[in-house]
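Engineer: got a predicted structure here, sequence first:
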Amino acid sequence: MSNLDRLRVAFRTALGLPEDFDVDKLEYRGIEQWDSLAHLTLVAEIEDAFDVMIDTDEVIDLSSFDKAVEILGKHDVELTG
């Protein structure tokens, strides 16, 4: 499984979405499930999946799937494919 797919799984797991839900264009509060509590669950899920520590500014900045890709890139996680 690619890192990009692992990130998709993290989003679906944290937000309680079906396996086939397309998260690639997802944005914070773009769906009912992604509220402030689910946001913290998502951060924890991403940290666990990639063994990184997301700092406070990044938690606030994590506003979309694309932004998650960008933040993980800053932590030297390669997300291609």
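Structural biologist: Sure thing, it's come through.
Engineer: got any ranges where this structure has weak pLDDT?
Structural biologist: Applying pLDDT under 70 to the chain flags the ranges 81.
Engineer: what residues of the top helix by length along the chain count as buried?
Structural biologist: The residue-count maximum for a helix in the chain (DSSP state H) belongs to helix 36-50. Within helix 36-50, the residues that count as buried by 16 or more other C-beta atoms under 10 Å are Ala38, His39, Thr41, Leu42, Val43, Glu45, Ile46, Ala49, Phe50. (Each C-beta comes from the backbone N, C-alpha and C, glycine too.)
Engineer: roughly how far does the fourth one sit from Asp48?
Structural biologist: Right, the one you point to is Leu42. Distance of Leu42 to Asp48, given as C-beta to C-beta, to the nearest Å: 11 Å.
Engineer: likewise for Met1?
Structural biologist: Counting by C-beta to C-beta, the gap from Met1 to Asp48 is 15 Å.
Engineer: quick one, phi/psi of the closest residue to Glu27 other than its chain neighbours?
Structural biologist: Leaving aside its sequence neighbours, Glu27 sits nearest to Ser64 (C-beta to C-beta, 6 or more residues apart in numbering; 4.4 Å). With angles defined as degrees, to the nearest 10, Ser64 sits at phi -170, psi 170.
Engineer: likewise Glu27?
Structural biologist: Dihedral angles (degrees, to the nearest 10) for Glu27: phi -130, psi 150.
Engineer: thought it was touching Leu62?
Structural biologist: No - in this structure Glu27 lies outside contact range of Leu62 using C-beta atoms under 8 Å: 10.5 Å.
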